[in-house]
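1. Sequence and predicted structure below; questions after.
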Amino acid sequence: MVIANLISYILVLVGALNWGLYGIFDINLVSMIFTGPRTIGAIIVYSLIALAALWLIISPIITNGALKLMGHREVRDDRA
């Protein structure tokens, strides 16, 4: 679940940067990379970003409010 959360954060950040570039400079980075807004590559990227956003909404509900970005670490007590 930690890996899914990290990948989702990265994808959502890429989507947010794309929207920011589009809103401020009228540059659609995904469309530029895939040479068109409705090409198969752009549709896949947009769909992955949307699924990542949905995952970040649903994941805390599944885990009772915890969105983990790091694995479980054991705390060792070497005081003896």
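-> Structure's in. What do you need?
2. Next up, the contacts around Ser8.
-> 52-53, 55-56, 59 (C-beta atoms under 8 Å, 6 or more residues apart in numbering). No exception for glycine: its C-beta is placed from N, CA and C like everyone else's.
3. Out of these, which end up buried?
-> The neighbour-count test (16 or more other C-beta atoms under 10 Å) marks 52, 55-56, 59 as buried among the contacts of Ser8.
4. Looking at those, spot the one nearest Ala42.
-> Taking C-beta to C-beta as the measure, Ala52 is the one of these closest to Ala42, at 15.6 Å.
5. For the closest one, pull up the helix or strand it's in.
-> Under the criterion DSSP states H and E, the helix or strand holding Ala52 is helix 40-62.
6. what comes up buried for that helix?
-> Buried residues in helix 40-62, counting neighbours by 16+ other C-beta under 10 Å, are found at 42, 45-46, 49, 52, 55-56, 59.
7. With respect to Met32, which of the residues you listed is nearest?
-> For these, the minimum distance to Met32 (C-beta to C-beta) is 9.6 Å, reached by Ala42.
8. I figured that closest one was touching Met32, is that so?
-> No. With contact taken as C-beta atoms under 8 Å, Ala42 and Met32 are classed as non-touching, separated by 9.6 Å.
9. sorry, back to before: I'd like the buried ones among the contacts of Ser8 as CSV, with pLDDT and distance to Pro37 appended.
-> Below are those laid out as CSV (pLDDT from 0 to 100; distance: C-beta to C-beta, whole Å):
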residue, pLDDT, distance to Pro37
Ala52, 96, 19
Trp55, 93, 24
Leu56, 90, 24
Ser59, 87, 29
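10. Quick check: the two most widely separated of the residues you listed?
-> Farthest apart among the buried ones among the contacts of Ser8 by C-beta to C-beta are Ala52 and Ser59. That separation is 10.2 Å.
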